[in-house]
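1. Got a predicted structure here, sequence first:
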Amino acid sequence: MTHRIWNFQAGPAMLPTEVMEEAAKDFCDYKGAGMSLMEMSHRDKTFQGILDEASLHLRRLLEIPENYGVVFFPGGASLQFSCVPLNWLGEEEFADFSLTGVWATKALEEALEFNPLCQSVFLGKNSKFTEIPSLTDNDLHPKAKYLHITSNNTIYGTRYSKFPDVSVPLVADMTSELLSRPVPWNKFQVVFAGAQKNIGPSGLTVVIYNKDLLPKKSRKIPKLMDYRLMEENGSLYNTPPTFSIYIALLVFRWLERKGGIPWIEKENERKAALLYDFLQECPFFDLPVPKEHRSIMNVVFTTKNGLDEAKLLSELEKNGFSGLKGYRTIGGFRASIYNAMPFEGVQALVDFLRDFTRTRA
C-alpha cells in the first residue's frame, strides 16, 4: 500500500491498514465471484454469510448476552435520537437526559418532538462541557423510563470513566468509543453507535438492545425505525449498507486477531497516557478537561504562552498529520486516537510537538 499519513480525524476516521489492504484485494472481484461485493444483492447467500459472521464476531467481542438483539441500521447514529423514544416510550412517558455535549443535547431535542415531558438532569454547558456528572437516583425523576447518556464526547474530549449507578436502565450513544472497552450490559437497555469511528465507514449504525425490556408498540413507528421489525428481519427489511457491513466484519476480525477488547482497552490507555502526559508537562499546551473526565478516544488541547495555533496547525499538515484542528465551534486542537490509530502514530505526534515547541522555548 502507498504511504499513508497519520490520520487523527474525528470521523469518518482511519481504518486499520490490514483491513484496507484486504478490502482492496476483494474490491473488484469478491472471493472469485466475478463482481464486487458492492454489486452483489443483499439477498445473496454470500452477503448473508457476511452479515451473520459480522453479528457473531460483534457478539463475541463485546460478550453480548443472548437476550440482546443486534441490528445493523442505516441512517447514522442521529437517527437513533428518534428511534429510541419511539420504540421505548409511550406517548405519555418520558426519559431523563444527561447533557454533556452537542449530541446528547440533540438527542433531547429530538425526543421532545415525540415525548414533550423528557427533561435534562445535567447541563454541561455550565462548565463549557468539560465535566461529566456522577449521577444517582436522587438526580433523576422517579417516573423516568431511562437515562440517556453520550458515553464519550467526541467534540469536547470527555467520557464517563464510570457509568452512572442508577436503578433505571441506561440508553447510551457510544458512537465514538464502542469496541474500545467492555460494556456492562446489566446497566444498559440500548447501546447504539455510528460506525465511522471504531467500526467502519459512515452510514452504518450498530444497535444493541435488551429484547426482554422492549415494550409492546403503543403507537405507530415508521417501519425502518422499528427495533422489533428490523431485528426480526435480520437487518434485511430493506437494503442495508452492505459494503459498510463487510468492512465492519473485517474490523471485527482484525480486533479479535489482536486480542479483542482486553487488548485494545490497554492499548488505548497506553496511547492516551503518552499524549496526555506530554501535553500536561509541556508549557505551551493546556488541557481544558479535568483528568478524571478525559476521553481516551479524543484528546482536546489548546495552545498558550504565545504559541501560534495557526502556524502549528499548518506545520502539522505539512508533515503528514491530518485532522488535528479542533471542532469548529470551540477551536484549539483535537487528536482522535481511535482503535485503528497505532501507538507509533501517537508517538510520532508527540515527537513532532516536542521538536516544534523546543525551538520556541
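-> Yes, it's here.

2. Show me the chain divided up by domain.
-> According to automatic domain parsing, the chain comprises the domains 18-257, 260-358.

3. would you turn these into TSV with distance to Pro12?
-> Where you see a C-beta, it was placed from the backbone N, CA and C, and this is true even at glycine. As requested, those are exported to TSV (distance: least, C-beta to C-beta, whole Å):
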stretch	distance to Pro12
domain 18-257	4
domain 260-358	10
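
4. Between the ones you listed, which one is closest to Trp6.
-> Across the domains of the chain, Trp6 has its closest neighbour in domain 260-358 (4.6 Å, C-beta to C-beta).

5. closest one to Gly11 among the domains of the chain?
-> Ranking the domains of the chain by their distance to Gly11 (criterion: C-beta to C-beta) puts domain 18-257 first, at 4.4 Å.

6. so how far is that closest one from its chain's centroid?
-> 9 Å (C-alpha atoms, centre = their mean, to the nearest Å).

7. Can you tell me which of the domains of the chain is packed in deepest?
-> Most buried of the domains of the chain, by mean neighbour count (mean count of other C-beta atoms under 10 Å): domain 18-257, with a mean of 19.

8. what about it, start to end distance?
-> With C-alpha to C-alpha, to the nearest Å applied, domain 18-257 spans 11 Å between its terminal residues.

9. ok, now stretch 63-77?
-> End-to-end distance for stretch 63-77, by C-alpha to C-alpha: 22 Å.

10. what's next to it, contact-wise?
-> 51, 54-55, 58-59, 79-80, 83, 103, 173, 175, 182-183, 185, 192-194, 202-212, 224, 227, 230-231, 235, 238, 240-241, 245, 248 (C-beta atoms under 8 Å, 6 or more residues apart in numbering).

11. my guess is Thr17 meets Ala23, correct?
-> No: judged on C-beta atoms under 8 Å, Thr17 makes no contact with Ala23 at a distance of 10.7 Å.

12. Minimum distance to Ala10: which of the domains of the chain has it?
-> Closest among these, using C-beta to C-beta: domain 260-358, at 4.5 Å.

13. residue ranges of the helices in the chain, please?
-> Secondary structure of the chain by DSSP state H: the helices cover 17-26, 45-62, 80-88, 102-114, 227-232, 242-258, 260-281, 309-318, 343-358.
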